[in-house]
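Undergrad: Give me the fold of what follows.
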Amino acid sequence: MYISFDLLIKIGQVIMIVAACAVLIYLALVFKHLIDTVKETTKTLEVLQRDLEKLESPLETVDAVSKTVDELQASVKKTATSALGVMDDSISHFKERLNKPKASRNMNSFSPSAADVNEEDNSNAEFVPIADLNKQAAQNEVKNEEAGETEIIVIEDDETKE
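TA: Alright, predicted model coming up:
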C-alpha cells in the first residue's frame, strides 16, 4: 500500500479547518453566555443599589438613635453619680446630727436648724427661718392692702406658736 503524503496533508488541512470552525463556534457560544451573565449581573447590581438607597435612611435613623442612647446613658450615669453623692452627704449629715449630744439636737424636727445650715454651706438653697417668712408675709400683706389687694399667707411652725 502506497499512501500519498499530499493526500494526507490535504485531509489534515480539512480536519484542521473543521476543528478551527468548531472551536470558533464554541468560543462564540461561551462569549454569548458570558455577555448574558454580565447583563444579568448589571441588572442585579442596579437592583441592589436601589435597595441600599432604600435602607440608607433607616440606617441613619438607627445611627441617630444610637447616638441619643449613648448620650442618655452618659447623662443617667452622671445623674446617678450625683444622686449617690447627695445621698452620701445626707447620710453623713444625719449621722452627725445623731452623734450630737441630746441637749443640742431637736428630736421634734428633722429639718436643719439655722446653725446646721451655717455650718454646712454645701447647699445652694437659702435657709430662711419660718418666723422670718411670717414677717415677710405680714409685710406683703400690708403692701397688698395699700394697693387694694387682699392676700394673706401665714406659715406656722412649732416655734412661732410658742
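
Undergrad: can you point me to the longest helix in this structure?
TA: The longest helix of the chain (DSSP state H) is helix 5-99.

Undergrad: what's the distance between Tyr26 and Val65?
TA: Note on Tyr26: its distance to Val65, by Cβ to Cβ, to the nearest Å, is 57 Å. (Each C-beta comes from the backbone N, C-alpha and C, glycine too.)

Undergrad: err, Val47, not the other one
TA: With Cβ to Cβ as the criterion, Val47 and Val65 are 28 Å apart.

Undergrad: cool, Ser90 as well?
TA: 36 Å.

Undergrad: what's the answer for Glu96, then?
TA: Relative to Val65, and taking Cβ to Cβ, Glu96 is found at 46 Å.

Undergrad: higher neighbour count, these two?
TA: Set Glu96 next to Val65 and count neighbours by other Cβ atoms under 10 Å: Glu96 wins out with 13 against 10.

Undergrad: the domain parsing of the protein - what is it?
TA: Per the record, the chain has its domains at 5-127, 128-162, by automatic domain parsing.

Undergrad: Least reliable of the ones you listed by average pLDDT, please.
TA: Of all those, mean pLDDT reaches its minimum on domain 128-162 (a mean of 62).

Undergrad: hmm, who's touching stretch 3-10?
TA: For stretch 3-10, there are no surrounding residues in contact (Cβ atoms under 8 Å, 6 or more residues apart in numbering).

Undergrad: Grab the CA positions of stretch 45-64 and hand them over as CSV.
TA: Only the C-alpha atoms of stretch 45-64 are listed here, as CSV (Å, rounded to 0.1, in the frame of the first residue of the first chain):
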residue,chain,number,x,y,z
LEU,A,45,-26.3,45.4,40.8
GLU,A,46,-28.8,48.1,39.9
VAL,A,47,-31.5,46.4,42.0
LEU,A,48,-29.0,46.1,44.8
GLN,A,49,-28.1,49.8,44.5
ARG,A,50,-31.8,50.8,44.8
ASP,A,51,-32.3,48.5,47.8
LEU,A,52,-29.2,50.0,49.5
GLU,A,53,-30.6,53.5,48.9
LYS,A,54,-33.9,52.5,50.5
LEU,A,55,-32.0,51.2,53.5
GLU,A,56,-29.9,54.3,53.9
SER,A,57,-32.5,56.5,55.7
PRO,A,58,-33.4,53.8,58.3
LEU,A,59,-29.8,53.2,58.9
GLU,A,60,-29.2,56.9,59.5
THR,A,61,-32.2,56.8,61.9
VAL,A,62,-30.6,53.9,63.8
ASP,A,63,-27.3,55.8,63.9
ALA,A,64,-29.1,58.8,65.4
